[in-house]
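A.B. asks: Sequence first, predicted coordinates after that:
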Amino acid sequence: MTIQFNRFSFTYRSQSEPTLRDINLTIEEGERVLIVGPSGSGKSTLAQCINGLIPFSYPGTWEGDVLINGIDARTLSLFDRSALIGTVLQDPDTQFIGLSVGEDIAFALENKQIARPEMHDTVERVARLTDVAHLLTHRLNDLSGGQRQRAALGGVLVEDANILLFDEPLANLDPLAGSEAMALLDRLQRETKRTLVVVEHRIEDVLSVPFDRMIVVVDGEIVADGHPDDVLSDGSLTRAFLREPLYLSAARWADISIRPDDKPSQPEAFLDRFERQPIVSRLTTQTLPVPSEASPSLELDHVSFRYQTDETVLEEVSMRCEIGTLTTLVGQNGAGKSTLAKVLSGYQRVTSGQIRLNGTDVTKQSIAERATRIGFVLQNPNHMISKQTVREEVRYGMQALALDADEEERRLEETLRRCGLYPFRNWPIQALSFGQKKRVTIASILVRQPDVLILDEPTAGQDYRHYSEMMDFLERLKQDGMTLLIITHDMHLVLEYSDQVCLLQAGRIRYAGEPFALFAQESLLRHAHLKQTSLFTVAQHLDIEVQPFLHSVIQAERKERSQWE
Amino acid sequence: MNTFTTKQIVATGVGAAVFIILSRFAAIPTGVPNTSIETSYAFLAFMAILFGPVTAGLIGLIGHALKDAILYGSPWWSWVIVSGFVGFGIGLVARRINIEAGGLTTKGILLFNATQAIVQAIGWILIAPVLDILIYAEPANKVFVQGAVAATSNILTVGVIGTLLLVAYANTRSKAGSLKREA
Amino acid sequence: MGVEMLGYIERPSPVHRLTGTTKLIGFLLWTTATMFTYDTRVLLLLGLASIGLFLVSRIRFREVRFVLVFTALFVLINAFAVYLFEPEQGVVIYGTRHVLWEGIGRFTLTAEQLFYLFNLILKYSVIVPVAVLFLVTTHPTEFASSLNRIGVPYKVAFAVSLALRYIPDVQQDFRTIADAQEARGVTVTHGPLLKRAKHSLNILLPLLFTSLERIETVSNAMDLRGFGAERKRTWYNQRPMTRADYLAIGLVLLLTIFSFSVTFYDGSRFYNPF
């Protein structure tokens, strides 16, 4: 089974410019192909041309050919293609259509009118393959993120499709679940020899299993296509503003040349390129931040929370965030991170315990009172946006404050400028990119001038460039005296940006303090589904201290980013 | 039935779920007993214009029947049927308004409102009371008063909130290409 | 969230063991029977039978109490409203007039009215235990296949299954959106009516756009797994009909026929003791 693109271009019906231009690409049977590219590059469009959503669900102008096994793809209906190509979408929750795991896995078989006994056999076989056999009667809400992903995979595998296509499979997974998902894909591909196409921008995590080819898409064109070792050595990733694996950043910082022969796609092999002495001499001694004398902004004192009937969700949580610091909140899905954010911002009432803000007890305040002091930015911007233009939406944030018109106007303009939204102030929000929408929701909170800002996964699903823009923006807020609390799965973010990290597990704080010290406790990390980044591996390999090493690499990365326009 | 697309089926299912949640949590009591502003009908009318008569009719039927069943134990069939009728009836002008392609004109808004008013009047003042009399032998004046109150409240709700939903939706369809950054 | 909704209750009982199809047919026949009849004897019989079924199902009263209490309240208020509007509806129906109390103005009290109201309450009440039972003993995954088996097109049946699947998700969306609004000081739970109506738009719009997005991704996911191309489909959760199923359907059918014949034996839906 081959997929072939010949001089292919595609323009969505609603757009004037082509999203894909002059694509020439052949994917051979049994190949493992990784497609990377920044947001909006067209990499997902490419995937949709393979699985048939284009042109069947998203019509547009189609030039050139896409051939699947030599057959013009346009002549194959979505139904025909579902037997050839199995797609796992980005968000396993939306892909989960059935009321139970078993029913969901069986979905494609039901559509093919497979008789019930045979269907049950197939479902059980596949469920064993993806390790969800013990969950067949469970509903979506009973599953962890990793289990959801495996159920979704099962639902695709039942069809025996020859090509498996994954659209950002790691987007919703914690670090450990992510590496488990990749290991499962790896094993399945080895056993079944299917063609594997993965679209992802978390390159380091994806490359934890070997790929035959790596394709870089930028602005609708293929700018690199070759073995991962070649692509990782030729600088295409940095030119495309993509994040290369961290150990390669480290290598470039240490002036170690990256050549295909060094196998840069395999961290274990590439480790040998690092030598201790030259690196030690390069380490900049970091001035450790003096344990600050700053006064506490937000304090939690034995806060517990439970829903009316369920078991306790938060148990005796105590922590403190100081003024002008950034705290990250980590832990696996369901550990209580979002609940903690909701309790802090007043969306939920604590069952017991006390919350203090700048020394005052705010536990009993109503959600509206609390929200003017502690702003909470939800993960999904669509949950917050209710006006049609940027300006209206940000102004709407102030509506309960009863400010006079001049003050309102002043704050509005200041906030829009601060968030980089001023040029877009009269745009309809639906015309903005995901990252810009997110910024609008932050602006509509900032305009109330809160003391504390809580953000639920502000960088989720964003490419390196947007990620850095967001984090640099938040860092500026911090320097202006804002206290920030950020929920994240991104371990490098924790290390690069946070002054304090809190690890939540099953509703309890298991660690609160300096980030580097957390990463030294391996068993704690494993239990909480977290992972060390590859920079730790390098440091351990060289037997050097982690902290100055990380710091140096991060500084080098920042310098590089400052040259982006 | 084969022209019933996957998108319409999903719109039916998810739409029914939204209808249920809105009737349960977003009904605003007016102070008049047993009468509230049912935002769920504004949503139903919106879905009717977006997805057409069959989808909206089914959203009304399934949404209302499931809502009654889950919350009160048993569907109130006479009113369930009317919800289906209202969705279907308003959906009949979906093609003429054609919000996806043509946006929303003043004429479209007038047509939408004339239709929803007529359809709801027939539904609440005629069909619902007659069914109540036939099935439950309730007194005519009681069920007609009930029907008239429901009709007034729902026609107003759809007229105001439903129209605003359509306008807001039509505004999002504007072309991104026409936008310029401002200094 | 603290909102009680009826849902499946797992229990080893003969009622649970029946297929969803059987229970659906039973529920529909039962509903039809109670819809047509106004015969006190039939209503009493159906009422007793439904209480019997309830006992067999091993569902405990307190598990569904909130629904029953709610319905009882509604039925009583409704009966009271009927009285207010038409204090002599019973007289019209039964054709005689036994005054028990002359009352005040038009608000008289007749034996016929009392008997009519009693029947009205009975009629509304008889259906509830069976409907509740149907809901709490049928696993949601069996709903769609059961509807399909009794002749509902599978695409419509599947829409019902999707509705059940997405109620919790939409509820979660709604809660989150409403909370985010409340954090801005916007609330629909109190304040002047017009303001609340205006504010409700701020919740409706985000919910609308979130739901439209959901519709798009879910329908893509279904298309990609081959939904809807064939004229029929099979169901993973359909169970084969057993002897007990046919027996149960037969019994309900008999009961229905019996209630129809008693009801319409003398050409009137009403049993007239006067």
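C.D. replies: That came through fine.
A.B. asks: How about the spatially most central residue of chain B: what's its closest non-neighbour residue?
C.D. replies: Ranked by distance to the mean C-alpha position of chain B (CA atoms, centre = their mean), the top residue is B:Leu44 at 3.0 Å. Sequence neighbours aside, B:Gly87 is the residue nearest to B:Leu44 in space, at 5.1 Å (criterion: CB to CB, 6 or more residues apart in numbering or on different chains). To be clear about C-beta, it is placed using only N, CA and C from the backbone, and glycine gets the same treatment.
A.B. asks: Contacts only, for that neighbour.
C.D. replies: B:44-45, B:47-48, B:53, B:55-61 (CB atoms under 8 Å, 6 or more residues apart in numbering or on different chains).
A.B. asks: What of A:Gly40?
C.D. replies: Here A:Gly40 is in contact with A:Ser433 (CB under 8 Å, 6+ apart).
A.B. asks: mind checking the SS state of it?
C.D. replies: Counting by DSSP: H, G, I helix; E, B strand; the rest coil, the backbone at A:Gly40 sits in coil.
A.B. asks: what's the answer for A:Leu401, then?
C.D. replies: Strictly by three-state DSSP, A:Leu401 counts as coil.
A.B. asks: Could you do C:Leu6 as well?
C.D. replies: coil.
A.B. asks: Alpha carbons of the helix or strand hosting A:Ile50, as CSV, please.
C.D. replies: According to DSSP states H and E, A:Ile50 maps onto helix A:43-51. What follows is helix A:43-51 as a C-alpha-only set of coordinates in CSV (Å, rounded to 0.1, in the frame of the first residue of the first chain):
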residue,chain,number,x,y,z
LYS,A,43,0.7,19.4,8.2
SER,A,44,-2.8,18.5,9.4
THR,A,45,-4.2,19.4,6.0
LEU,A,46,-1.8,16.9,4.5
ALA,A,47,-3.1,14.2,6.9
GLN,A,48,-6.7,15.1,5.9
CYS,A,49,-5.8,14.6,2.3
ILE,A,50,-4.7,11.1,3.2
ASN,A,51,-7.6,10.0,5.3
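A.B. asks: any residue of it up close to chain C?
C.D. replies: Yes - against chain C, helix A:43-51 shows contacts by CB under 8 Å from any CB of the partner chain at A:Asn51.
A.B. asks: who's in contact with that helix?
C.D. replies: So helix A:43-51 is in contact with A:3, A:5, A:8, A:10, A:12, A:19-20, A:23, A:35-37, A:54, A:58, A:66, A:68, A:73, A:81, A:85, A:87, A:163, A:165, A:167, A:197, A:199, A:217, A:220, C:224, going by CB under 8 Å, 6+ apart.
A.B. asks: Name the residue of chain B that lies nearest to chain C.
C.D. replies: Of all residues in chain B, B:Gly13 sits closest to chain C, at 2.5 Å by CB to the nearest CB.
A.B. asks: Check the spacing between that residue and A:Val452 real quick.
C.D. replies: 40 Å (CB to CB, to the nearest Å).
A.B. asks: Pick out whichever of these two has more residues nearby.
C.D. replies: More crowded of B:Gly13 and A:Val452, by other CB atoms under 10 Å in any protein chain shown: B:Gly13, with 29 against 22.
A.B. asks: Could you identify the helix or strand that succeeds the helix or strand harbouring C:Leu164?
C.D. replies: C:Leu164 is part of helix C:154-183 when elements are defined by DSSP H and E. Next in sequence after helix C:154-183, counting helices and strands by DSSP H and E, comes helix C:193-224.
A.B. asks: Let me know the angle separating that next one from helix C:154-183.
C.D. replies: 140 degrees (axes from the mean of the first three to the mean of the last three CA atoms, to 10 degrees).
A.B. asks: distance between helix C:193-224 and the chain's centre?
C.D. replies: 26 Å (CA atoms, centre = their mean, to the nearest Å).
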